[in-house]
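Asker: got a predicted structure plus its sequence, pasted below:
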2 protein chains.
Amino acid sequence: MTVTIMPVAGIPDIHPGDDLAAILVDAMRPAPPRTGDDVVITHKIVSRAEGAVRTIGDGPDDHRPVVEEQSAAVLRRRGSLVIAETHHGFICANAGVEGSNAEPGTVVLLPVDPDRSARRLRARIERAFGVEIAVIISDTFGRPWRRGLTDVAIGVAGMLPITDLRGSVDAYGRTLDVTVVNTADEIASAADLVLGKASRLPVAIVRGVEYVPGPGPMFEVVCPPDEDLFR
Amino acid sequence: MTVTIMPVAGIPDIHPGDDLAAILVDAMRPAPPRTGDDVVITHKIVSRAEGAVRTIGDGPDDHRPVVEEQSAAVLRRRGSLVIAETHHGFICANAGVEGSNAEPGTVVLLPVDPDRSARRLRARIERAFGVEIAVIISDTFGRPWRRGLTDVAIGVAGMLPITDLRGSVDAYGRTLDVTVVNTADEIASAADLVLGKASRLPVAIVRGVEYVPGPGPMFEVVCPPDEDLFR
């Protein structure tokens, strides 16, 4: 089994109100997705199309009220950095509010309901090409104890984000220690290898992953507070 | 740019004292790595070849003394789960001590110096095929706040694990919010998409990633305690 990751070229700047599904379908037409593919979409173009954008002043702290508003809970603060829980349950820097790759004077928020965004984009792409795919909406998160950021999934449709191996055995017949794999995060990280942060490549097609088809949703990935050792 | 991830078939069971580099070179001969590829090797076969294996009894807690010994510091305990810092500086479950994919009555530890293991394997593979590659040694780690495990890098040679984008600008000329990408972790996660936990596929070749050549080392990824908000 080989996995192939291909960026989708030719996606223009996205603005509030744009029909993102139509734009993605147009861009994918030269090399359409096939049944079983994962289409990974960085969340910023989804947020921008959905109008999840705020106008702010140009002071260094002018994003702060937006971060506070987007935070359900603040876990840590250091200088201008806030590690916050969003209303979706994700824990990330600045509650997902970002200034780069946004028009000057604006910040981009996370989509209100990334699973719903994924479902809608999936339905339109599937209809356009007559295929069955999964869609992942990704963002770039830090990780405690390790430097450097990686892309993770924040919305998913058409696949179970977690591959549950409970009950599987290893080559010696012993039960696996590793029982639940976050396949959605691994696919999001893989897609980032062809996207890059400064490029205008916000979408990749990942082909060949044996994911488990299903409805999603993303909240399966959010660790409930009573399971969580690091709040 | 397209990224391709190919598992390496035909790697037999690895035992302490095996010449792992020779075994990998043999297995890769039908489809050798090319200059610029990343070879991702799951740590268990490295640990086993290097003899980083312990015999334990068959009681449910018999791995515990080994976990204690492999821990430089314990961050959290819950039931039989320990989240510990290893002597390398990695923070993970059970200090990296694992029972699955080990012969019955044994546990597998992390390699003593995964960067050194990566350098040695890289040198042998490069010489065998006359290429310049990077080598990543991977393990499977949990992540606070999210369910499901993903593969990360624990040893690296031939590339900088972190891609530093500081000073880069986005399409609007604004400085990027995301300045340091953990490319090594993203490659390790991508490789896991073709490997799988219950299979006997411990090695993948990742082709097409624009990593930054360099010596490594992995400690660049370990967040120093004074930068870390979640100890």
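Answerer: Looks like it arrived, so ask away. Residues are numbered from 1 along each chain as shown, chains lettered A, B, ... in the order given.

Asker: in chain A, which residue is most central in space?
Answerer: Central residue of chain A (Cα atoms, centre = their mean): residue A:138, 1.5 Å from the mean position.

Asker: roughly how far is the helix or strand containing that residue from the heart of the chain?
Answerer: Residue A:138 is part of strand A:134-143, with elements assigned from DSSP states H and E. Relative to its chain's centre, strand A:134-143 lies at 3 Å (Cα atoms, centre = their mean, to the nearest Å).

Asker: skip ahead from that strand and say which helix or strand is next.
Answerer: With DSSP H and E, the next secondary element past strand A:134-143 is strand A:146-157.

Asker: for that following strand, the averaged confidence score.
Answerer: In this model, strand A:146-157 has an average pLDDT of 96.

Asker: which secondary structure elements does it sit against?
Answerer: Strand A:146-157 is packed against helix A:43-49, helix A:114-129, strand A:134-143, helix A:183-195, strand B:162-164, strand B:180-182, helix B:183-195, with contacts defined by 3 or more Cβ pairs under 8 Å, 6 or more residues apart in numbering or on different chains; DSSP states H and E. Where C-beta positions appear, they are placed from N, C-alpha and C, glycine not excepted.

Asker: switch to 6 Å and redo it
Answerer: In terms of contacts (3 or more Cβ pairs under 6 Å, 6 or more residues apart in numbering or on different chains; DSSP states H and E), strand A:146-157 is packed against helix A:114-129, strand A:134-143, helix A:183-195, strand B:180-182.

Asker: got the contact list for it?
Answerer: Residues outside strand A:146-157 that contact it (Cβ atoms under 6 Å, 6 or more residues apart in numbering or on different chains) are A:43, A:114-115, A:117-119, A:122, A:135-142, A:161, A:184-185, A:188-189, A:192, A:216, A:218, B:162, B:178, B:180-182, B:185-186, B:221, B:223.

Asker: what stretches of chain A score poorly on pLDDT?
Answerer: A:101, A:170-178, A:197-199 (pLDDT under 70).

Asker: try it again at 90.
Answerer: A:1, A:57-63, A:78-81, A:98-106, A:164-179, A:196-200, A:215-231 (pLDDT under 90).

Asker: could you check how far residue A:133 is from residue A:111?
Answerer: Per Cβ to Cβ, to the nearest Å, residue A:133 is found 19 Å from residue A:111.

Asker: what's the answer for residue A:143, then?
Answerer: Applying Cβ to Cβ, the value for residue A:143 to residue A:111 is 22 Å.

Asker: using the three-state scheme, assign residue A:103.
Answerer: Three-state assignment for residue A:103 (DSSP: H, G, I helix; E, B strand; the rest coil): coil.

Asker: count of residues packed around it?
Answerer: Neighbour count for residue A:103, taken as other Cβ atoms under 10 Å in any protein chain shown: 15.

Asker: again with the one 5 residues further on
Answerer: For residue A:108, the neighbour count with other Cβ under 10 Å is 24.

Asker: about what we covered before: the helices and strands packed on strand A:146-157: which one's closest to residue A:39?
Answerer: strand A:134-143 (5.1 Å; Cβ to Cβ).

Asker: any part of that closest one near chain B?
Answerer: Yes. Under the criterion of Cβ under 6 Å from any Cβ of the partner chain, chain B is reached by strand A:134-143 at A:140, A:143.

Asker: run through who's touching the helix or strand that contains residue A:82.
Answerer: Assigned by DSSP H and E, residue A:82 belongs to strand A:81-86. Strand A:81-86 is contacted from outside by A:67, A:71, A:72, A:73, A:74, A:75, A:76, A:91, A:94, A:95, A:96, using Cβ under 6 Å, 6+ apart.
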